[in-house]
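[1] Any chance you can model this:
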Amino acid sequence: MKVLVVDNSIEIRTLLQDILSSRNYNVGLAESGEVALQKYVTFKPDVVTLDLGMPRGMSGYDTLSKIKEIERG
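    Alright, predicted model coming up:
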């Protein structure tokens, strides 16, 4: 299973990557909403963990809306 971890905090991204990888998940990382959208299209994750309170650039809520648009086609 592929999991995309989206968080502006490198500590959180690393922690989740370590936990998920140890359980044999294929993990992709993104530090912003903009990067998350690019990786969502190329990585094609089954699950996304998303920091809704990202302080810079695209918010987590905006990122979620864009992901939903991508899914709808």
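[2] Not counting its own residues, what contacts the host helix or strand of Thr63?
    Using DSSP states H and E, Thr63 sits in helix 60-72. Contact with helix 60-72 is made by 6, 33, 36-37, 40-41, 48, 50-54, 58, as judged by Cβ atoms under 8 Å, 6 or more residues apart in numbering. C-betas here are computed from N, CA, C, even on glycine.
[3] Please list the members of these that lie in strands.
    6, 48, 50 (DSSP state E).
[4] hmm, which of the contacts of helix 60-72 are the buried ones?
    Buried residues within those, counting neighbours by 16 or more other Cβ atoms under 10 Å: 6, 33, 36-37, 40, 48, 50-51, 54, 58.
[5] would CSV of those residues with distance to Ser65 and pLDDT be doable?
    Below are the buried ones among the contacts of helix 60-72 laid out as CSV (distance: Cβ to Cβ, whole Å; pLDDT from 0 to 100):
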residue, distance to Ser65, pLDDT
Val6, 14, 98
Gly33, 10, 96
Ala36, 12, 98
Leu37, 11, 98
Tyr40, 12, 98
Val48, 13, 98
Leu50, 11, 97
Asp51, 15, 96
Met54, 14, 88
Met58, 10, 91
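[6] Can you give the distance from the helix or strand of the chain with the lowest mean pLDDT to the centre of its chain?
    Ranked by mean pLDDT, DSSP states H and E, the weakest helix or strand in the chain is helix 60-72, scoring a mean of 95. In terms of Cα atoms, centre = their mean, to the nearest Å, the centre of helix 60-72 is found 11 Å from the chain centre.
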